[in-house]
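[1] Give me coordinates for this.
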Amino acid sequence: MELVPPATNAQLRHGAAVVRRPLLTDAAAIHGLVEDSETLDMNSRYLYLLLCRDFALTSRVAEINGEVIGFVTAYIPPDQPNVLFIWQIAVAPSHRGCGVAMRMLTDLLAGLPESQSFTIEATITPSNIASQNVFKSLARRLGCEIRSGDGFNEALFAPEAHEAERMFYIGPLVIGPDKLGVQKKEVKP
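    Model (predicted):
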């Protein structure tokens, strides 16, 4: 059985947005989206290659007509198997506000084991209101509380000037199709 998220505004406005696991060939496009975001920390292309290879199960890209228009990278920390840490999420400026970020997050969560309890974690700077709003919306959709606390203070980034990163928590929650608004679909061989 495969869980399939319902159509979103992004699909209605921009054609068929496809959400899938990232491939190695997506690393350059992901790097470009980070660069265009103006809010996310830039990492090397090598790191995005590793994310596409080693964390594809917990990451997603959204594409329209073969062009990557968004991505979310996440991982399950080795010593915290009940945590899903969302590392970065970005959507191309021309597709923001259309539900693409939520569609990628929903697809990612639909791929997690249904019977396991998870807490979603993310660090977000105080100035990144768009990301804060995405996670607040996700918490509402999941019917979960969202909490925030200390994450990484400015001093930890020294000597680089960097805004503090607040830690956001959603859950704990047990993933299931009823929580995500997805329907199970038979996968044909």
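
[2] okay, CA-based contacts and neighbour counts for the rest of this
    Noted.

[3] Please verify my assumption that Arg60 contacts Leu23.
    No: using Cα atoms under 8 Å, Arg60 is not in contact with Leu23; the gap is 9.4 Å.

[4] Between the two, which is the more surrounded one?
    Just comparing Arg60 and Leu23: by other Cα atoms under 10 Å the higher neighbour count belongs to Arg60, 27 against 14.

[5] May I see the buried residues of the longest helix along the chain?
    For the chain, the helix reaching the highest residue count under DSSP state H is reported as helix 129-142. By neighbour count with 16 or more other Cα atoms under 10 Å, helix 129-142 contains the buried residues 131-132, 134-136, 138-139, 142.

[6] Run a quick neighbour tally on Ala110.
    By the criterion of other Cα under 10 Å, Ala110 has 23 neighbours.

[7] should've said Arg20
    17.

[8] mind listing what it touches?
    By Cα atoms under 8 Å, 6 or more residues apart in numbering, the contact list for Arg20 reads 60-62.

[9] Check Ser44 too.
    Counting by Cα under 8 Å, 6+ apart, Ser44 touches His31.

[10] Give me the local confidence score for it.
    pLDDT recorded at Ser44 is 92.

[11] Of the contacts of Arg20, which belong to helices?
    Per DSSP H, the contacts of Arg20 never map to helices.
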